Each structure stands twice: as C-alpha cells, then as structure tokens.
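A.B. asks: sequence unknown, structure follows:
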C-alpha cells in the first residue's frame, strides 16, 4: 500500500486525500507529492469532506517494529 496523504490537484477547489494515484472520493487522479495525512476531529474548510469521511473509516497504520 502506498503512502496516504493530502494533495491539491491543479483544477481542484479542495484538497483531497490520495492513496496511490486516486483520491479516496474517487473523483481525482494525482501523481504529485502528497503531504502526510494526520487525523483530526473535523475537516477544514479547504478539505474534501467525502475524502475525509472515507479516511476516518480506514484502519490505523501498522506500528513500525522497534
């Protein structure tokens, strides 16, 4: 699985969460650099709410071995 993170496609009005090339809301493809996803209580005004709702349902990432 690739890194999950926020990206802002060129023509998008909102930032979307990407897992690979496709956004979680399935509306965007993006191959650029993504910022790490950090869970919060609620989405910001510039965040895609559909992506945010789907990200909240994802399982937590596995812990790295020590």
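C.D. replies: Cool, got the structure. None of these values were measured; they are calculated from a predicted model.
A.B. asks: residue 62 falls within a helix, correct?
C.D. replies: No: counting by DSSP: H, G, I helix; E, B strand; the rest coil, residue 62 is not part of a helix but coil.
A.B. asks: against residue 38, how distant is it?
C.D. replies: 17 Å (C-beta to C-beta, to the nearest Å). No exception for glycine: its C-beta is placed from N, CA and C like everyone else's.
A.B. asks: for this structure, just list every one of the helices.
C.D. replies: Per DSSP state H, the chain carries helices over the ranges 49-56.
A.B. asks: once you drop chain neighbours, what's closest to the residue nearest in space to the middle of it?
C.D. replies: Nearest to the mean C-alpha position of the chain, by C-alpha atoms, centre = their mean, lies residue 17 at 1.7 Å. Of all residues not flanking residue 17 in the chain, residue 51 sits nearest, at 4.1 Å (C-beta to C-beta, 6 or more residues apart in numbering).
A.B. asks: now do the one you found, the pLDDT please.
C.D. replies: Looking at residue 51, its pLDDT stands at 94.
A.B. asks: next one: it from residue 24, what distance?
C.D. replies: In terms of C-beta to C-beta, residue 51 sits 4 Å off from residue 24.
A.B. asks: for the chain, what helix or strand is lowest in average pLDDT?
C.D. replies: Every helix and strand in the chain was compared by mean pLDDT, DSSP states H and E; the lowest is strand 35-36, with a mean of 89.
A.B. asks: still on that earlier bit, which one of residue 51 and residue 24 is surrounded by more residues?
C.D. replies: When residue 51 and residue 24 are compared for neighbours, residue 51 comes out ahead with 25 against 21, by other C-beta atoms under 10 Å.
A.B. asks: quick one: contacts for the more buried one?
C.D. replies: 16, 17, 23, 24, 25 (C-beta atoms under 8 Å, 6 or more residues apart in numbering).
A.B. asks: apart from its neighbours in sequence, what residue is nearest the third one?
C.D. replies: Looking back up the chat, that one is residue 23. Closest to residue 23 by C-beta to C-beta, 6+ apart is residue 16, at 4.0 Å.
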